[in-house]
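>>> output the structure for:
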Amino acid sequence: MNGKKIQWHPGFVAAMNLEFAQDRSGLIFEKEYNLNTKPLEIDLLVIKKEASVKITNEIGKLFRGHNIMEYKSPGDGLDIDAFYKAGAYAGLYKSYGETTDAIKADDVTVSLVREAKPKGLFHYFKEHGYIVSNPYHGIYYVEGAVLFLTQIIVTGELEEAAHIWLGALSGRMEKQSMARLLENVLRLSGKADKEFADSVLEVSIGANRGVMEELKGDENMCQALMEIMEPQLLIKENEWREEGIKEGIKEGRIQGTIDTLRDLGYEDIQIKEAVMKKYFLTEEEAGAYL
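Predicted coordinates:
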C-alpha cells in the first residue's frame, strides 16, 4: 500500500453499503451513476425498491425513492457552488425519467457527505436565509432555495459507535478507533460485507499510517490483521490450485502474509514472530522467508 494514492470514493460506496446493511435488501446502490454520455457522474445513487421501505439508519431518514449522494474526500472543499452542483445533478437525474415528470421532485433527495463541517457554506446559508436544522448528530437538513430535500452529513460529528464505517474514512483516526474498526471487521460474516469492509479498511489504513505505527507493536492487533487477510490468502491459494500448482502453496501463503505485513509497516522481527505463531514455524524456518 505504500506510495499508493488513497481511493476515497470506493471506500465511501463500501461504507454506505455497510451503513445500510440492515436495510440493503430494500435498496439498490448505483455507484458512479452516469447522468448522460458526457462525464457527469453521481458518486452514489440509492434507490428504494419499494416506497414503503423504512430506513433504520438516521442518514436514510430523509430518503425518498431516488437519493443522490455526493461525497467529498478530506482534501475536497464543499462550498456553495459544490452545493448547487449536487442540486443540478439531482435536477438532471429527475429530468431523465422515461416520460414527462416520471420522477417526482418530492421523490428525490440530495445528500452531501464530508468529514469536516463546511463552515463557509453554513455561513452562506445564514446570510442568505436558508433554514438549517440538526435532527441528529452530524446530520443537517437544509431548507430554502433548494429544489429537493437536502441534507449535509458531517461524518466527523456522527456517533462513532453507530457509524464506524463512515468514521473510518478519515486521516485523523485515533488508536482506539482503529482498534474498534478492526474488531468490527472481524465480526462480519457475509461475503459481500467482508468485501465492503476490505475497501473501507484499505482507505483507513492508507490514511492513518501514524496510528498503524502505534498499533504494530500490539500482538493482538497483528493477529487481527492476519485474520482479516485470511480470505484474500485463501482466494490466492485457490487460484494456485486451479493453475495446478500443488507444491509451494503453504510457502506462498506465508510469503503473502509477510508481504502484506511489510506493506502495513511491520518490522521483520515482528513479522517473524507473527508467522511463527500462525504457521507453527521454528525461528529458523520463519527466518528463511525474510
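>>> which residue ranges of the stretch 1-150 of the chain form strands?
Secondary structure of the stretch 1-150 of the chain by DSSP state E, counting those that start in this stretch: the strands cover 27-34, 41-48, 66-72, 108-114, 131-136, 139-143, 149-154.
>>> out of the ones you listed, nearest to residue 186?
Checking those against residue 186 by C-beta to C-beta gives strand 27-34 as the closest, at 24.1 Å. Every residue, glycine included, has its C-beta placed from N, CA and C.
>>> alpha carbons of that closest one, as PDB, please.
Taking Å, rounded to 0.1, in the frame of the first residue of the first chain, the C-alpha atoms of strand 27-34 are listed here in PDB:
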ATOM      1  CA  LEU A  27     -32.400  -0.700  -1.700                       C
ATOM      2  CA  ILE A  28     -30.500  -0.500  -5.000                       C
ATOM      3  CA  PHE A  29     -27.000   1.000  -5.000                       C
ATOM      4  CA  GLU A  30     -25.700   2.600  -8.200                       C
ATOM      5  CA  LYS A  31     -22.100   3.900  -7.800                       C
ATOM      6  CA  GLU A  32     -20.800   6.500 -10.200                       C
ATOM      7  CA  TYR A  33     -24.200   6.700 -11.900                       C
ATOM      8  CA  ASN A  34     -23.800   8.300 -15.400                       C
END
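>>> in it, what's buried?
27, 31, 33 (16 or more other C-beta atoms under 10 Å).
>>> which ones are touching the nearest residue to the first one once chain neighbours are set aside?
Taking C-beta to C-beta, 6 or more residues apart in numbering as the measure, residue 27 lies nearest to residue 46, with 5.6 Å between them; neighbours along the chain are not counted. For residue 46, the contacting residues are 16, 20, 27, 28, 29, 30, 60, 63, 67, 69, by C-beta atoms under 8 Å, 6 or more residues apart in numbering.
>>> could the buried residues of strand 27-34 go into TSV alongside pLDDT?
Shown next, in TSV, are the buried residues of strand 27-34 (pLDDT from 0 to 100):
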residue	pLDDT
27	93
31	86
33	76
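>>> let's have those in JSON lines, adding distance to residue 203.
Below are the buried residues of strand 27-34 laid out as JSON lines (distance: C-beta to C-beta, whole Å):
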{"residue": "27", "distance to residue 203": "22"}
{"residue": "31", "distance to residue 203": "15"}
{"residue": "33", "distance to residue 203": "21"}
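>>> that older thread, so which of the contacts of residue 46 comes closest to residue 141?
Distance to residue 141, by C-beta to C-beta, is smallest for residue 63 among those, at 12.3 Å.
>>> can you report how many residues neighbour the closest one?
By other C-beta atoms under 10 Å, 24 other residues sit near residue 63.
>>> ok, now residue 181?
Residues lying near residue 181 (other C-beta under 10 Å) number 22.
>>> for the strands of the stretch 1-150 of the chain, which has the smallest mean pLDDT value?
Lowest mean pLDDT within these: strand 27-34, a mean of 85.
>>> which strands and helices sit next to that one?
Packed against strand 27-34 by the contact rule (3 or more C-beta pairs under 8 Å, 6 or more residues apart in numbering; DSSP states H and E) you find helix 8-19, strand 41-48.
>>> ok, and what's touching it?
Under C-beta under 8 Å, 6+ apart, the answer for strand 27-34 is 9-10, 13, 16-17, 20, 40-49, 53, 93.
>>> what ranges do the helices span in this structure?
For the chain, the helices defined by DSSP state H cover 8-19, 80-95, 119-127, 164-167, 175-187, 191-207, 209-215, 219-242, 249-263, 268-279, 283-289.
>>> which one of the ones you listed is the most hemmed in?
Scoring the helices of the chain by mean neighbour count under mean count of other C-beta atoms under 10 Å gives helix 164-167 as the most buried, with a mean of 24.
>>> packing partners for that one?
helix 8-19, helix 175-187, helix 191-207.
>>> adding distance to residue 155, write these out as JSON lines.
What follows is these, written out as JSON lines (distance: least, C-beta to C-beta, whole Å):
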{"stretch": "helix 8-19", "distance to residue 155": "9"}
{"stretch": "helix 175-187", "distance to residue 155": "12"}
{"stretch": "helix 191-207", "distance to residue 155": "12"}
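>>> got the domain ranges for the protein?
8-167, 178-289 (automatic domain parsing).
>>> mean pLDDT for the ones you listed: which is lowest?
domain 178-289 (a mean of 75).
>>> how far does it stretch from start to finish?
Domain 178-289 has its terminal residues 29 Å apart, counting by C-alpha to C-alpha, to the nearest Å.
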